[in-house]
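S.K.: Quick check, what structure comes out for this input:
(chains A and B)
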Amino acid sequence: MSAHGAAFGAEAASLSAVESADYRTRLRNAGRWLLSAALLIVLAFLVLYPVSMLLLGALTNTNPVVDGFGVFDLSLANFTTVLANPNVHLAVANSLIACGGGTALAVVIGLTFSWIVVRTNTPCQRFIGAVSLLPLFAPPLVAAVAWSVLASPRTGLLNTLLASLGVGWRFNAYSMAGLISIFGIYYAPYIYIFTSSALRNMDPALEEAAAISGAGTLRTLATVTFPLIAPAIASGMLLSFVVMLGIYGIPAVLGTPGDIPVLTTYIFKLTNWSPPLYGTAASVALILMAVTAILVWLQQRLLAGRAYITVAGKSFRPAVLDLGGWRYVTLGLAIVYLVIVVVLPTLALVVAAFRKYMFIRDLAGLFDARQYALVHFERLFSNPLALRSIVNTMEVGLITALVGGALAFAIGYTVNRTSLPARRSIDLIATLPVAIPGLVIGVAYLWAWIGLPGGLYGTLWILALAFVARFMPDTVRALSTSLVQIHRELEEASWICGKGVIRTIRTIVLPLARPGVIAAVTLLFILAIRELGSSLFLYTSNTMVMAVLLLDYYEGGNLGITAAFSLVQTVLLGVLIGAAHWLARGSVVDSGVGRAG
Amino acid sequence: MNPSLFRLGTTAAWVIALAMMGVAPLAAQNFGPPELIEAARQEGRLVYYTANFTEVEQETIKTFNKRFPFVKVELVRAPGGQLITRVKTEAAAGKLSADIIDHSDRALMTDLVDLFQDYAPPNAADYLPDVMISPKLWPRVTLVWSIAYNAALVKTPPKSWMDLTKPEYANKQIGQVFAASGGTTWTRVMFERQVLGEDYWRKQAATNPVLYPSGAPASEALVRGEVTIAPLLYNIVYPKKRDGAPLEIFFPPEGAPINPYASGVPKTAAHPNAAKLFLNWCLSEEGQTFMIKEQGNLTSLKKAPAYPEGFDPKVVKAWVPNFEQYVKLHHDWVEEWNKTYGFRQ
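M.R.: Below is the predicted model of the structure:
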């Protein structure tokens, strides 16, 4: 071959190499777009399509399935009516005060206890950590019923006790202070979940540096520790606030007798009206969504441009603070907390479940053994629906946890660990359902999916898919917290060693994020088990779930059976969480939280 | 074997079996022709949509199954407004799975009449024509309002509707279910204004009652002593009294508002015979007697087989709203009620 020919050959080879590299890049780009598109399609089906139904409902005052999709008599009448209604203003103001106050209280409680459990030498930490999550297993409706039994101004058990002691002061659960306290207590574990895993995974070097520089414990906490876990605190705050906004059970039971309307009770009234006003309810829901979108945007702006990577390639153990004699004070604090959030409400439920009827004139009446019997449990289990609803609920919970967990991991990984196109849109769409109250999105799912071919309606799958969509934000957030903390250098090391993306995820990311993944899947399972709002329209005679049956009993005015069924549900959940904990073999199964109901 | 002979044999076998179980023979009451009963047996199940409470309906189903154990009744229960939305949406999508729809708000059911097939129970002629809104829809249950009080806490109990306006019962002693909560409450509210007087609401609201979204939490609050007096549907307080709660219930002399349900069989029912047999039984004298005695209902039969405890038809007059007004006045009057009671809509 001539020199010219050789040069040409080399040029051709280099050109073909360039072309091939170019081809590979294009192929990779196409692959990246394909992945994003796949996620977007799934999210469009699960979130955008039902939300657009909701929007259609809000703008047209029609039922799209009944009146046909062709009826586009668009009008902003529902919005203007809602915005001009002073009662809506009052409900919005009450919601903001109750949820704002509740979130503030939740931060104080949650952060204090995550610090006590993770970073101090307080005795019985594992026990405190595990038990402090218990109140979350009770559905909000049940928690509220328990607290109305304990602290209603006229006949609450605590007030009966105070009266017998001759104390003039009374608890009042039917007040704004009562609402804030119950919200704070029941959503403190949300903050606890987020902050405890962040504290556990935190490199103590900075705290040590602060200590060496002469900063005291409190100053280190305020200036180093808490600012470092700011994303976890902010995520916890945002989610607990938004979740409280969507809770129906607590304001329904405690706010109604105290005449404190909030947005969810207002929406429930609208959906339960004769005839139901879904258009107006959808408008209120869309306003809620707008508020949430602003909050999410604010949170992202606040955290933008700041690095919070605390899990890197080197190993460490978080420093434990020796509290000396004070550790018994923190233990005492934890015990008081446990009594307030676990022991008292559980006792109230036990009293309500075993007592024939709930009239207790005085303290002596409470201990009258003749008033106690198994009658409510007997009635509960003589109803064949009870057992069926338990089996159905477990099935739906499992499907939701597995499908939702996998999807949430795909989304969390795409958003936090890749530069795939449209990942911000994916994040935004996945966050959208957090703002929609279950009662309203339930009807949106019904409208959206009932007409689909393939017989989805009437199966457990339609419930599971609704739960996957509804709890996508919670699961993605819970997962993201652990994903964000894993330093990129670990994945890069894996890639340098020639491992592909999937293999890197399997061998590096998943094992490191295991506590987060297990926590997220367990969380999803619990949320699915408790979910009420979106089940109401999607269940059929064969797919009755526990939450719906529980509401039936509550609405039927039977506190005894409601309490008995709640206890059954709580015990079941306890067993399942224990099993999940055992499966995780030592990983901390931090889970809970709910906006069901 | 000749099919009709076979059916006859099967029916006879059931009569003997039931007689042996201590249940009155079928011949004593007419629940439908043998062909219907046999067809229901073949179908074996039905899907039952109701706005009534689960626990109450489970009791009804259990008693029906003592008579007809071969029909499995699958219950779907939802509050009134939500049930209507579900029915409308399912029907429009061609996926209505209900074999029976049973609803407390007859006005909402009038919009759905076209969904239903022709149906009448064997004792159709025994029913009061005033309570019918369509020949296809039947008053399966008839609920009645009463006044209940916590006997352990009330020293001087009220004796009439007018007593509920007295200042001695002021300051959140009385619990009231708000007007827009559904068809039954709307009936009571109409009665108050049309029978007790134009200014009854104003006088009653002046006692500053506690407002509840439905009778269930109101009745529970009454048992616990959160409120001490409440107008309530008899069927929601009666079981509590029966179980030992310290309640007393009476039917005020000015009248007892009643609310008949509307129940029917959709054209698309997959188990129409089982559905008809269930409705036939519910509407029969046996079914109505069970609902009166065990559940505290009234009946829309011209000749009531029984009355709930304390209901003397010579003293208390049942009050049925004029259906035209029931539909026409709803919106404006509920709005006025809300204003009068300071209820925020």
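S.K.: Which residue ranges make up the domains of chain B?
M.R.: Following automatic domain parsing, one finds the domains of chain B at B:3-141+B:261-295, B:143-258+B:312-341.
S.K.: Averaged pLDDT, the last one. What do you get?
M.R.: By that I understand domain B:143-258+B:312-341. What domain B:143-258+B:312-341 shows for mean pLDDT is 92.
S.K.: can you pull out the strands in the stretch 1-150 of chain B?
M.R.: For the stretch 1-150 of chain B, the strands defined by DSSP state E, counting those that start in this stretch occupy B:45-50, B:72-77, B:100-103, B:142-150.
S.K.: looking at these, which is closest to chain A?
M.R.: Distance to chain A, taken as CB to the nearest CB, is lowest for strand B:72-77 among the strands of the stretch 1-150 of chain B, at 3.5 Å. Bear in mind the C-beta positions are built from the backbone N, C-alpha and C, glycine included.
S.K.: Which residues does the closest one contact?
M.R.: A:385, A:539-542, A:544, A:552, B:44-54, B:57-58, B:61, B:64-65, B:83, B:98, B:278 (CB atoms under 8 Å, 6 or more residues apart in numbering or on different chains).
S.K.: Which of the three states applies to A:A173?
M.R.: coil (DSSP: H, G, I helix; E, B strand; the rest coil).
S.K.: per-residue confidence for it?
M.R.: Per the predicted model, pLDDT is 93 at A:A173.
S.K.: What is the neighbour count of the closest residue to it other than its chain neighbours?
M.R.: For A:A173, ignoring the flanking residues on the chain, the nearest one in space by CB to CB, 6 or more residues apart in numbering or on different chains is A:A151 at 3.8 Å. When neighbours are counted by other CB atoms under 10 Å in any protein chain shown, A:A151 registers 23.
S.K.: A:A151 against A:L162, yeah?
M.R.: No. Checked against CB atoms under 8 Å, the pair A:A151 and A:L162 is beyond contact range at 10.3 Å.
S.K.: got any residues that touch both of the two?
M.R.: A:F171.
S.K.: Quick check: what element follows the helix-or-strand element of chain A with minimal mean pLDDT along the chain?
M.R.: Lowest by mean pLDDT, DSSP states H and E among the helices and strands of chain A is helix A:64-67, with a mean of 65. Downstream of helix A:64-67, the next assigned helix or strand under DSSP states H and E is helix A:77-84.
S.K.: Show me what the helix or strand following that next one is packed up against.
M.R.: Next along the chain after helix A:77-84, taking DSSP H and E as the criterion, comes helix A:86-119. Counting contacts by 3 or more CB pairs under 8 Å, 6 or more residues apart in numbering or on different chains; DSSP states H and E, helix A:86-119 is packed against helix A:125-131, helix A:176-200, helix A:230-246, helix A:263-272, helix A:326-338.
S.K.: With respect to A:V443, which of the ones you listed lies nearest?
M.R.: helix A:263-272 (7.2 Å; CB to CB).
S.K.: coming back round to it: as TSV, the helices and strands packed on helix A:86-119 with mean pLDDT and mean neighbour count would be great.
M.R.: Below are the helices and strands packed on helix A:86-119 laid out as TSV (pLDDT from 0 to 100; neighbours: other CB atoms under 10 Å in any protein chain shown):
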stretch	mean pLDDT	mean neighbour count
helix A:125-131	79	16
helix A:176-200	88	25
helix A:230-246	82	24
helix A:263-272	77	24
helix A:326-338	87	16
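S.K.: Pretty sure B:L232 sits against B:L143.
M.R.: No. If you go by CB under 8 Å, B:L232 and B:L143 don't touch, sitting 10.4 Å apart.
S.K.: could you dump the helices and strands packed on helix A:86-119 to JSON lines with distance to A:L456?
M.R.: JSON lines is the format used below for the helices and strands packed on helix A:86-119 (distance: least, CB to CB, whole Å):
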{"stretch": "helix A:125-131", "distance to A:L456": "38"}
{"stretch": "helix A:176-200", "distance to A:L456": "32"}
{"stretch": "helix A:230-246", "distance to A:L456": "25"}
{"stretch": "helix A:263-272", "distance to A:L456": "23"}
{"stretch": "helix A:326-338", "distance to A:L456": "43"}
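S.K.: got the residues of the stretch 101-250 of chain B near chain A?
M.R.: For the stretch 101-250 of chain B, the residues in contact with chain A (CB under 8 Å from any CB of the partner chain) are B:105, B:107-108, B:150, B:152, B:180-183, B:186, B:210-221, B:223-226, B:236, B:240, B:243-246.
S.K.: change it to 7 Å
M.R.: B:105, B:108, B:152, B:180, B:182-183, B:210, B:212-217, B:219-220, B:223-226, B:236, B:240, B:243-246 (CB under 7 Å from any CB of the partner chain).
S.K.: From those, list the buried ones, please.
M.R.: B:105, B:108, B:180, B:182-183, B:210, B:212-217, B:219-220, B:223-226, B:236, B:240, B:245-246 (16 or more other CB atoms under 10 Å in any protein chain shown).
S.K.: Mind checking which of those land in helices?
M.R.: When these are checked against helices (DSSP state H), the matches are B:L108, B:G183, B:G215, B:A216, B:P217, B:S219, B:E220, B:V223, B:R224, B:I236, B:K240.
S.K.: From B:V237, how far out is the fourth one?
M.R.: Spelled out, it's B:A216. Separation of B:A216 from B:V237 (CB to CB, to the nearest Å): 11 Å.
S.K.: Could you do the first one as well?
M.R.: With distances taken as CB to CB, B:L108 is found 25 Å from B:V237.
S.K.: what's stretch A:553-572 in contact with?
M.R.: Residues outside stretch A:553-572 that contact it (CB atoms under 7 Å, 6 or more residues apart in numbering or on different chains): A:137-138, A:141-142, A:145, A:349-350, A:352-353, A:355, A:358, A:376-377, A:379-380, A:546, A:549-550, B:53-55, B:79, B:214-217, B:219-220, B:236.
S.K.: quick check, distance from that stretch to the centre of its chain.
M.R.: 22 Å (CA atoms, centre = their mean, to the nearest Å).
S.K.: Which positions in that stretch come out as buried?
M.R.: Buried, per 16+ other CB under 10 Å, within stretch A:553-572: A:553-570, A:572.
S.K.: Excluding chain neighbours, give the residue nearest to the residue in the stretch 151-300 of chain B positioned nearest to chain A in space.
M.R.: Taking CB to the nearest CB, chain A has its nearest neighbour within the stretch 151-300 of chain B at B:A216, 3.1 Å off. Distance criterion CB to CB, 6+ apart; nearest residue to B:A216, sequence neighbours excluded, is A:G557 at 3.1 Å.
S.K.: What pLDDT does the model give that neighbour?
M.R.: 76.
S.K.: Helix or strand: which one has it?
M.R.: Short version: A:G557 belongs to no helix or strand, going by DSSP H and E.
S.K.: if I look at it, how far off is B:P217?
M.R.: Taking CB to CB, one finds A:G557 at 7 Å from B:P217.
S.K.: Same question for A:L363.
M.R.: 25 Å.
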